[in-house]
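# can't give you the sequence, but here's the structure:
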């Protein structure tokens, strides 16, 4: 089945969100790649998916609590499928944290749009709707403000 997920950058004003169609049998690694592409980020930092009532309330990490010294998100999230996590427990939300320095946080919601069968010739995942500008992953630094 093809699901429609809303990916929203937490705390960004004006709002930045993307609707992504993705196969329910896709891995969380595929979702990570889709989010990176949807907001035009360079995939050059660690990331994790977790579930909580709000961004600051982590109930559990998808794939278990990682040992950060040996954590490999590609191996971990490459084996966990979206359909294995949904439906989420009552009152819980899914979050994607990218870049543990800049802490880009995204809330992921399965929309109420009807699940559908894959369309012939369509490549999934794909962005079907975009709201707002992409966040600027690496803002330009003002050379006058840098101390070396």
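Good, I have the coordinates. What you see is a predicted model; the values in this text were computed from it and never measured. Numbering: from 1, shown residues only.

# please, where are all the helices along the chain?
Here the chain has its helices, by DSSP state H, at 28-38, 73-78.

# for those, which one sits closest to residue 107?
helix 28-38 (11.2 Å; C-beta to C-beta). For every residue, glycine as well, the C-beta is placed using N, CA and C.

# for residue 101, grab the count of nearby residues.
If you count neighbours by other C-beta atoms under 10 Å, residue 101 ends up with 7.

# typo on my end, it should be residue 139
Residue 139, neighbours per other C-beta under 10 Å, totals 8.

# on that earlier part again, any chance of the helices of the chain in a markdown table, with mean neighbour count, mean pLDDT and distance to residue 60 too?
Putting the helices of the chain into a markdown table (neighbours: other C-beta atoms under 10 Å; pLDDT from 0 to 100; distance: least, C-beta to C-beta, whole Å) gives the following:
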| stretch | mean neighbour count | mean pLDDT | distance to residue 60 |
| --- | --- | --- | --- |
| helix 28-38 | 20 | 94 | 14 |
| helix 73-78 | 15 | 86 | 14 |
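
# TSV for those helices, including distance to residue 1?
Shown next, in TSV, are those (distance: least, C-beta to C-beta, whole Å):
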stretch	distance to residue 1
helix 28-38	15
helix 73-78	20
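
# of those, which is nearest residue 120?
So among these, helix 28-38 is nearest, using C-beta to C-beta, at 19.9 Å.
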